[in-house]
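1. model the structure of this input:
(2 chains)
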Amino acid sequence: MTTNIQTAVNQLAEHVGQVVTLRGWVYKMRSSGKIAFIILRDGTGLCQCVFEKNEQTESIFGDVKKLGQESAVEVTGEVNKEERSVGGYELKATQVKIVHGTQDYPITPKPHGIDFLMKHRHLWFRSQRQWHILRIRATVVDQIRRYYNDNGYVLIDTPIFAPAAGEGAQTLFKVDYFGDPVYLAQTGQLYVESACMAHGKVYCFGPTFRAEKSKTRRHLTEFWMVEPEIAYASLSEVIDVAEDFICSIVKRVLHDHRDDLVELGRSLEDVEAITKPFVRLTYSEAAELLRGPKAKELLENDLKQKTSRIADLEKEIVELEETAKGGGKQWQKDKAAAQAIDSREELAELQEQVTNIPHHMRLAAEFEWGSDLGGSDETIISRLHDRPTFVTHYPKGCKAFYMREDRGDERVVENFDLLAPQGFGEIIGGSAREEDLDRLLARIEEEKLPLEDYEWYVDLRRYGSVPHGGFGLGVERTVAWICGLKHIRETIPFPRMMGKVYP
RNA sequence: UCCGCGGUAGCUCAGUGGUAGAGCAAUCGACUGUUAAUCGAUCGGUCGUAGGUUCGAAUCCUACCCGCGGAGCCA
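-> You can find the predicted model right below:
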């Protein structure tokens, strides 16, 4: 008697013709009178297991047919190459061990609403799409660490309990710390600045917390951020690092996850186009661009395209509704009804966008030097370029106190944002830091910040102060961008958003 | 915080004042190559909550709760 080989779905190619055992869960189940198909999910991939009813399987066949979705099973059988099967291989099953039979698994292979899925997040990430996304996230996180570790940076873990309210107190989570108020960290930057004076090149990487009352597709209250900080670096050197870093992440994901990206419906071509050099614009140039003919043309074309799409959709919906109500097979009617729902959703979204476009056009056309770039402005700029775009040198007034004043133009600071292309928006914010003691003190006073909270930080300008700079990259926004996802909530295992902490 | 849309079966949704509906899921049965299988049957309801109008309310009115999308702010 031969011993069965214990293996995993992604190893099946090496076992063609052999009898193996797979351990996993029932992803989907179909059966006829004398044949049953289990799509088995084992964490490494999907494999179709075929049960034919014969002398060998007679005793278990009835039980197999009754397996509910997500039942835990161990299946033994011979591995065959099979075109018709997901992944190209299938198991001709002869034995099955039911580890845990399951009934009434809530997430069926039919469509579900986002609220329902979010409430079942603990189960939802068993679904294929979520599985692809979280695998890519894991690689992005690994590449972040690898990039800095391989390039001479020292990891500095910064605290999560932060004493200072200071900057943006209304977006801080307040925590009771033995009777005194402290705040969950929004950034490790000030700490990492002090560490870079000890180690030269450092980075911190961990969760950060923002109590922003924003419910949008780009916001979480708990998200992961990596923040490198480099001593003696100028603004342009920091930007070079950011550019090289992003390219390394993109390259790694393209290398390790082509299949996952394709399954997610992401255009590989678009991802492959993310190469050096990125576009670099100053804030003033961006402002010109917004007020200029290109932005106007972009939005006018948008308006035209969306308006004609709306007309098409309206026609389509009428046709679908007729199909759904008319004769024909039930499943055809269902399909039409489901498509009509999708189309109506798209229609509603487009109609809202169309009503917003004139407003965006006005915002762009009337953009005034000195105000911060709004969401729609960022979208316009990033859509005018097919590569990521750095926007630098913002007006001092709309940026943080620690950013270095441009010595040639004191109205602006030496900062930059990186806007991901195709309208994904900001994924990095960074700057050169003010190294001059007097200028820093003046800025703290201007912003009316409590100096006593920042004494330790100001100390860095008293003892061997040098030019330095760094940036923060949001992991979830980066994953959403690379995967081509509309919403950030799927890029983190358990999203925390305003009004949402379960499960 | 503001604006828009929504809440009907476990899920996705129809239902504009007159008996509470469909598909899927679940349960039972048929079917040896299925890919959201198919076919037949069964089961399934506090119509978000509270009040009001009416002979009669899922449907109209008021308030509140929850969700989604957008704005502001941000990575």
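
2. hey, let's count contacts and neighbours off CA atoms from now on
-> Will do.

3. tell me what the residue in the stretch 401-503 of chain A positioned nearest to RNA strand B is bridged to.
-> Sorted by distance to RNA strand B under Cα to the nearest atom of the strand, the residues of the stretch 401-503 of chain A start with A:Ile428, at 3.1 Å. Beta bridges link A:Ile428 to A:Leu418, A:Leu473, judged by DSSP bridges.

4. that one and A:Ala273, how far apart?
-> 19 Å (Cα to Cα, to the nearest Å).

5. correct me, but the residue of the stretch 401-503 of chain A closest to RNA strand B touches A:Gly470?
-> No - A:Ile428 sits out of contact with A:Gly470 when judged by Cα atoms under 8 Å, with a separation of 10.3 Å.

6. those two: who's more crowded?
-> Set A:Ile428 next to A:Gly470 and count neighbours by other Cα atoms under 10 Å: A:Gly470 wins out with 30 against 23.

7. does the more buried one count as helix, strand or coil?
-> At A:Gly470 the chain is in strand, as set by DSSP: H, G, I helix; E, B strand; the rest coil.

8. from A:Ser234, how far out is it?
-> Here A:Gly470 is placed at a distance of 9 Å from A:Ser234 (Cα to Cα).

9. list the contacts for A:Glu410?
-> Applying Cα atoms under 8 Å, 6 or more residues apart in numbering, we find A:Glu410 in contact with A:Lys396.

10. can you check A:Ile160 too?
-> A:Tyr183, A:Leu184, A:Ala185, A:Thr208.

11. with respect to A:Tyr148, which of the residues you listed is nearest?
-> Checking the contacts of A:Ile160 against A:Tyr148 by Cα to Cα gives A:Thr208 as the nearest, at 19.3 Å.

12. who is the closest one paired with across the strands?
-> Applying DSSP bridges, one finds that A:Thr208 bridges with A:Phe223.

13. how much space separates it from RNA strand B?
-> Applying Cα to the nearest atom of the strand, to the nearest Å, the value for A:Thr208 to RNA strand B is 9 Å.

14. surely that residue touches A:Tyr183?
-> No - counting by Cα under 8 Å, A:Thr208 stays clear of A:Tyr183, with 10.8 Å between them.

15. that older thread, give the residues shared as contacts by A:Gly470 and A:Ser234.
-> A:Ala432.

16. where along the stretch 251-400 of chain A do the helices fall?
-> Along the stretch 251-400 of chain A, the stretches classed as helices by DSSP state H, counting those that start in this stretch are A:258-263, A:268-272, A:283-291, A:293-325, A:330-365, A:375-383.

17. again with the stretch 51-200 of chain A
-> A:58-65, A:114-119, A:121-124, A:128-150, A:189-199.

18. burial count for A:Leu384?
-> Look at A:Leu384: counted by other Cα under 10 Å, it has 17 neighbours.

19. same check on the one 10 residues further on?
-> A:Tyr394 is surrounded by 24 other residues when neighbours are defined as other Cα under 10 Å.

20. ok, A:Pro106 next?
-> Neighbourhood size, A:Pro106 [other Cα under 10 Å]: 14.

21. now A:Leu22
-> A count of nearby residues for A:Leu22, using other Cα under 10 Å, gives 23.

22. which residues sit in contact with it?
-> With contacts defined as Cα under 8 Å, 6+ apart, the neighbours of A:Leu22 are A:Gln6, A:Thr7, A:Ala8, A:Val9, A:Asp42, A:Glu74, A:Val75, A:Thr76.

23. pick out the most distant pair among these.
-> A:Asp42 and A:Thr76, at 13.5 Å, using Cα to Cα across these.

24. now stretch A:38-50: mean pLDDT?
-> The predicted model assigns stretch A:38-50 a mean pLDDT of 93.

25. same question for stretch A:449-469.
-> Mean pLDDT, stretch A:449-469: 93.

26. measure it end to end?
-> Length of stretch A:449-469, first residue to last, Cα to Cα: 21 Å.

27. and for stretch A:380-397?
-> Taking Cα to Cα, the first and last residues of stretch A:380-397 lie 22 Å apart.

28. do the same with stretch A:41-50
-> With Cα to Cα as the measure, stretch A:41-50 spans 14 Å from end to end.

29. and chain A, what are its domains?
-> A:5-100, A:121-278+A:387-491, A:296-359 (automatic domain parsing).

30. and the ones you listed, which one averages the lowest pLDDT?
-> With a mean of 75, domain A:296-359 has the lowest mean pLDDT of these.

31. show me what from the stretch 351-500 of chain A comes close to RNA strand B.
-> Neighbours of RNA strand B within the stretch 351-500 of chain A, by Cα under 7 Å from any atom of the strand: A:356, A:372-376, A:398-399, A:425-429, A:472-477, A:487, A:499-500.

32. what about 6 Å?
-> A:374-376, A:426-429, A:472-474, A:476-477, A:499-500 (Cα under 6 Å from any atom of the strand).

33. dump those into TSV; add distance to A:Phe223 as well.
-> Shown next, in TSV, are these (distance: Cα to Cα, whole Å):
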residue	distance to A:Phe223
A:Gly374	22
A:Gly375	20
A:Ser376	23
A:Glu426	15
A:Ile427	12
A:Ile428	13
A:Gly429	15
A:Gly472	12
A:Leu473	11
A:Gly474	7
A:Glu476	7
A:Arg477	9
A:Gly499	15
A:Lys500	14
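
34. which PyMOL command selects the buried ones in the residues you listed?
-> Of these, the buried ones go into a single PyMOL selection, burial set by 16 or more other Cα atoms under 10 Å:
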select buried, chain A and resi 376+426+427+428+429+472+473+474+476+477
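
35. how many neighbours does A:Gly188 have?
-> Each residue near A:Gly188 was counted by other Cα under 10 Å, and the total is 25.

36. next one: A:Arg362
-> Number of residues near A:Arg362 (other Cα under 10 Å) recorded here: 13.

37. how close does it sit to A:Asp377?
-> Remark: distance between A:Arg362 and A:Asp377 (Cα to Cα) = 11 Å.

38. same question, A:Trp131
-> Using Cα to Cα, A:Trp131 is found at 34 Å from A:Asp377.

39. who has more neighbours out of the two?
-> A:Asp377 (23 against 18).

40. isn't that one up against A:Leu290?
-> Yes - assessed by Cα under 8 Å, A:Asp377 is found in contact with A:Leu290 at 7.1 Å.
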